[in-house]
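Enquirer: any chance you could fold what I've pasted below:
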Amino acid sequence: MQNKITRSVSEFNTELKLKGFNVFQIESDGNATRNYSRKDFYKICLTTGKSIIHYADKSFNAEGTVLFFGNPHIPYSWETISTSYVGYTCLFSEEFLKPDRSESLQHSSLFKIGGTPILNITEEQRNFLNTLFQKMITEQQTDYAYKDDLIRNYINLIIHEALKMQPSENYTNTNNAQSRIASVFLELLERQFPIETSERPLELKTAQDYSKALSLHVNYLNRAVKAVTGKSTTTHISERIIGEAKALLQHTNWNIAEIAYALGFEYPSYFNNFFKKNTGTNPKNFRLDLV
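Expert: Residues are numbered from 1 along each chain as shown. Model prediction:
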């Protein structure tokens, strides 16, 4: 029985990584819900039940129906209190939702540190949102050529509906100073992108660069970012550069040397080594695999 569950979770992980998206009903896919590590994906949950949600430096006592927005750059955990717990979960990468490299989700008040990721939902709102999640579940099983575009529209509709709602205020706050520092760092990191021309290369490339720009000691910045997000400053920078590198390889006709220079690498070989270390393949093969 254990092997069957393991294979099921493995298949779920593989499908999510390939597509950059998955949606499921919580009560019908409990094993995946409990076991899947969602560190690389944004998450939207519509749940009914009683739970405690820990998000960055806040904790929230949830009872009834809530809509939750999870950011892979911010640690969170979920303690289910009630025996009856139902709803839907949608997981997606930023590349899936925003293939055109438009403004980052981290700028949204629903996903950023210090934002409002948890909303109390009325019965009328729940019924409407249930319909959207059900449509996504149905659509992901079809062979429709433009189903990804349709699913993106459903996700954006959920986000816009949430932006019109009042945020929940049933929070317990802790460690606001570290949260503010981490938030400012992530916002500054996002402002470096997207790279629009190879003639203006990335300037802030290291933790030291960011600490200087923020007038903070690098150790203080590292401690704050690690405490709030669970990742080091260097890891955030590397992940964001890799994300931009993939976008440039996919959406521009720049050669590898131009991309390397645009991302602040002195030599293409340095970029090749960095890319392979973080992705397991080199830029040239990554671009070929896209064809």
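Enquirer: so, low pLDDT: which residues of the stretch 151-291 of the chain?
Expert: 166-175 (pLDDT under 70).
Enquirer: so where do the strands sit in it?
Expert: 171-173 (DSSP state E, counting those that start in this stretch).
Enquirer: for it, which segments count as helices?
Expert: 176-191, 207-213, 218-229, 233-251, 256-262, 268-279, 283-290 (DSSP state H, counting those that start in this stretch).
Enquirer: save those helices as TSV, and put in distance to T197 and mean neighbour count too.
Expert: Yep, even glycine has a C-beta here, placed from its N, CA and C like the rest. Shown next, in TSV, are the helices of the stretch 151-291 of the chain (distance: least, C-beta to C-beta, whole Å; neighbours: other C-beta atoms under 10 Å):
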stretch	distance to T197	mean neighbour count
helix 176-191	16	18
helix 207-213	20	17
helix 218-229	29	19
helix 233-251	11	18
helix 256-262	7	20
helix 268-279	17	16
helix 283-290	18	14
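Enquirer: Throw the ones you listed into JSON lines and include distance to F133, thanks.
Expert: Output for those, formatted as JSON lines (distance: least, C-beta to C-beta, whole Å):
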{"stretch": "helix 176-191", "distance to F133": "28"}
{"stretch": "helix 207-213", "distance to F133": "38"}
{"stretch": "helix 218-229", "distance to F133": "28"}
{"stretch": "helix 233-251", "distance to F133": "27"}
{"stretch": "helix 256-262", "distance to F133": "38"}
{"stretch": "helix 268-279", "distance to F133": "32"}
{"stretch": "helix 283-290", "distance to F133": "30"}
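Enquirer: out of those helices, nearest to N153?
Expert: N153 lies closest to helix 233-251 among those, at 20.6 Å (C-beta to C-beta).
Enquirer: extract the CA atoms of that closest one and return them as CSV.
Expert: In CSV, the C-alpha atoms belonging to helix 233-251 read as follows (Å, rounded to 0.1, in the frame of the first residue of the first chain):
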residue,chain,number,x,y,z
THR,A,233,19.9,35.9,0.1
THR,A,234,22.3,34.3,-2.4
THR,A,235,19.7,31.5,-3.1
HIS,A,236,17.0,34.1,-3.9
ILE,A,237,19.4,36.0,-6.2
SER,A,238,20.5,32.8,-8.0
GLU,A,239,17.0,31.6,-8.5
ARG,A,240,15.9,34.9,-9.9
ILE,A,241,18.8,35.1,-12.3
ILE,A,242,18.1,31.5,-13.5
GLY,A,243,14.5,32.4,-14.0
GLU,A,244,15.5,35.4,-16.1
ALA,A,245,18.0,33.4,-18.0
LYS,A,246,15.4,30.8,-19.0
ALA,A,247,13.1,33.6,-20.1
LEU,A,248,15.8,35.2,-22.3
LEU,A,249,16.7,31.8,-23.8
GLN,A,250,13.1,31.2,-24.6
HIS,A,251,11.8,34.6,-25.7
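Enquirer: that's all I had, so thanks and see you.
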